[in-house]
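Colleague: Using only what follows, build the 3D model:
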Amino acid sequence: MRDTPTLLVTGFNSPEGPAFDRDGNLWFVNWLTSSINRLDGCEPGGTVTEVVNTGGIPAGLAFHPDGTLYIADEGDQWHGVLKYTPGGTLSAWVQTYQGHKLNGANDLVFANDGTLYFSDPWRSSLENPIGGFYRAFPDGRLEQLDTGMAFPNGVAVAPDGSAVYLAETRPNRILRYEIRRDGTVGPRTVFAILEDPPGPDGMAFDEAGNLYIAHYNGSRVDILDPQGRQTDHVPVPGASVTNVAFGGPDRRTLVITDVATASLYMTRVEIPGLRLFDGT
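Modeller: Just a heads-up that it's a prediction; the model follows:
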């Protein structure tokens, strides 16, 4: 077990979706207020500014190399993925699949070829398994990778690009989908089943292929090795841990968001986080 993280900033009742920009600033959502915020320099007690308000339920963030911020939003007016340009324009990007509205996107990640993988869980549950998993190509074309799921949530691409991983919260498990050499995606396999439901939320890989998983209602971040075995965990003061992100000049700063304490935390790790598609 690692040391308890230190407080980074507090006073946000629903923080999630941490993502670093190329200047080292930390962006995160506060979904109950529909806001997307920036913590300058990612320093404890630093200045937080609301950059844009979607009016919906933003949950996940991912930067493109051109500086555009892609936003997974579960709100009924969006129920998909939005784009926020460096010039300050907010617009819908993908909202429908084969003529039907998406449920509401929750988390997203770019692969190194610019393909965006995202979960689509809104209003899904064990009793109502309507959640989906998609990838969007740079031209906005959508491909459904999986469906019939009980709250698909965090998404992460393996360091070597050979697979994409999806947290399915209600069954308390991590799913793996092979990304084949021809670009097609294989069927789901169960990579790991976690202890203590309800289950996994946001995720991120380090350079060695260890997967850091925000364990919602578990008061911790689980760490799985490349074989899916839990090898360690990071204790978190609050129970409702929602997401994680690596940042800092050496990518060894792990940021953790927690709803129960309305706070963001930070800790140092030995192995750097995986360098993302945007170069951070």
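
Colleague: The closest residue to Glu195 other than its chain neighbours: neighbour count?
Modeller: Leaving aside its sequence neighbours, Glu195 sits nearest to Gln230 (C-beta to C-beta, 6 or more residues apart in numbering; 7.6 Å). For the C-beta atoms, the positions are set from N, CA and C on the backbone; glycine is no exception. The tally of other residues near Gln230 (other C-beta atoms under 10 Å) stands at 14.

Colleague: Can you read off the pLDDT for Gln230?
Modeller: Turning to Gln230, the model gives it a pLDDT of 96.

Colleague: Return the residues in contact with it.
Modeller: Residues near Gln230 by C-beta atoms under 8 Å, 6 or more residues apart in numbering: 192, 194-195, 222-224.

Colleague: which two in these are spaced the farthest apart?
Modeller: Glu195 and Ile223 (13.0 Å; C-beta to C-beta).

Colleague: Compare those two (neighbour count), which wins?
Modeller: Ile223 (18 against 11).

Colleague: now for the helix or strand hosting that one, which elements pack on it?
Modeller: In this assignment (DSSP states H and E), Ile223 forms part of strand 220-224. For strand 220-224, the packing partners by 3 or more C-beta pairs under 8 Å, 6 or more residues apart in numbering; DSSP states H and E come out as strand 211-216, strand 230-235, strand 241-247.

Colleague: cutoff 6 Å now
Modeller: Packing partners of strand 220-224 (3 or more C-beta pairs under 6 Å, 6 or more residues apart in numbering; DSSP states H and E): strand 211-216, strand 230-235.

Colleague: Give me the buried positions along that strand.
Modeller: Within strand 220-224, the residues that count as buried by 16 or more other C-beta atoms under 10 Å are 220-224.

Colleague: Which single one of those residues is nearest to Gly238?
Modeller: For these, the nearest to Gly238 is Arg220 (10.2 Å; C-beta to C-beta).

Colleague: from what I can see that closest one touches Gly238, true?
Modeller: No. Using C-beta atoms under 6 Å, Arg220 is not in contact with Gly238, being 10.2 Å away.

Colleague: what about Gly279, is that helix, strand or coil?
Modeller: coil (DSSP: H, G, I helix; E, B strand; the rest coil).

Colleague: What's the separation between it and Cys42?
Modeller: Distance of Gly279 to Cys42, computed by C-beta to C-beta, to the nearest Å: 17 Å.
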